[in-house]
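>>> Give me a 3D structure for the following:
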Amino acid sequence: MSRTTAPLPDAACRLAKPTDRAYKLFDGYGLYLLVQSNGRKGWRLRYVKPDGREGLTSFGNYPVIGLADARRKRLDVERMLADGIDPIETKHQAKAEPLKALRSTGIRKCRPSGL
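All right, here's what the predicted structure looks like:
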């Protein structure tokens with residue numbers, strides 16, 4: 001079970017400054033903003049997979065993905081987990097399907113001439 005904390009205000013996300021080490025700003029229910037030493041801020045979610053193992057997924061970088069968007073994505077993951085679906089496996093399958101379709105049609109990558 002994820003630990004619960006006070007909800008993270010958007011101002012805290014905006015004002016988070018990099019330090020010499022990466023640190024986490026927790027929003028609750030496994031969602032946190034990872035502030036890296038190079039200044040990059042990324043949303044991460046730690047959860048328990050349907051088979052009982054721990055999983056970690058990322059939602060994107062702040063401010064491209066805002067706090068409200070990250071919370072919506074967390075709810076989507078929670079719904080998938082409630083249905084017994086592993087969100088990481090679903091994401092991998094979604095990425096692999098277009099490649100399989102291209103391979104089945106016989107289209108291959110084209111190389112520029114002269115190489």
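>>> just the helices in this structure please.
Secondary structure of the chain, counting by DSSP state H: helices at 10-15, 67-82, 87-105.
>>> what about the longest one, average pLDDT?
Looking at helix 87-105 alone, the average pLDDT works out to 80.
>>> Check which helices and strands it sits against.
Other helices and strands packing on helix 87-105, by 3 or more Cβ pairs under 8 Å, 6 or more residues apart in numbering; DSSP states H and E, are strand 54-61, helix 67-82. Any C-beta I mention is one placed from the backbone N, CA and C, and that applies to glycine too.
>>> Go through the ones you listed and pick out the most buried.
helix 67-82 (a mean of 16; mean count of other Cβ atoms under 10 Å).
>>> got the angle for that helix vs helix 87-105?
On the basis of axes from the mean of the first three to the mean of the last three Cα atoms, to 10 degrees, helix 67-82 is oriented at 80 degrees to helix 87-105.
>>> What score does the closest residue to Tyr62 other than its chain neighbours have for pLDDT?
Distances taken as Cβ to Cβ, 6 or more residues apart in numbering put Lys41 closest to Tyr62, at 4.1 Å, once the chain neighbours are dropped. With respect to pLDDT, Lys41 has a value of 97.
>>> Next, count neighbours for Lys41.
With neighbours defined by other Cβ atoms under 10 Å, the count for Lys41 comes to 18.
>>> one step back: would a markdown table of the helices of the chain with distance to Gly52 be doable?
What follows is these, written out as a markdown table (distance: least, Cβ to Cβ, whole Å):
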| stretch | distance to Gly52 |
| --- | --- |
| helix 10-15 | 31 |
| helix 67-82 | 12 |
| helix 87-105 | 15 |
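>>> Would you tell me which of those gets closest to Leu56?
Leu56 lies closest to helix 87-105 among the helices of the chain, at 8.5 Å (Cβ to Cβ).
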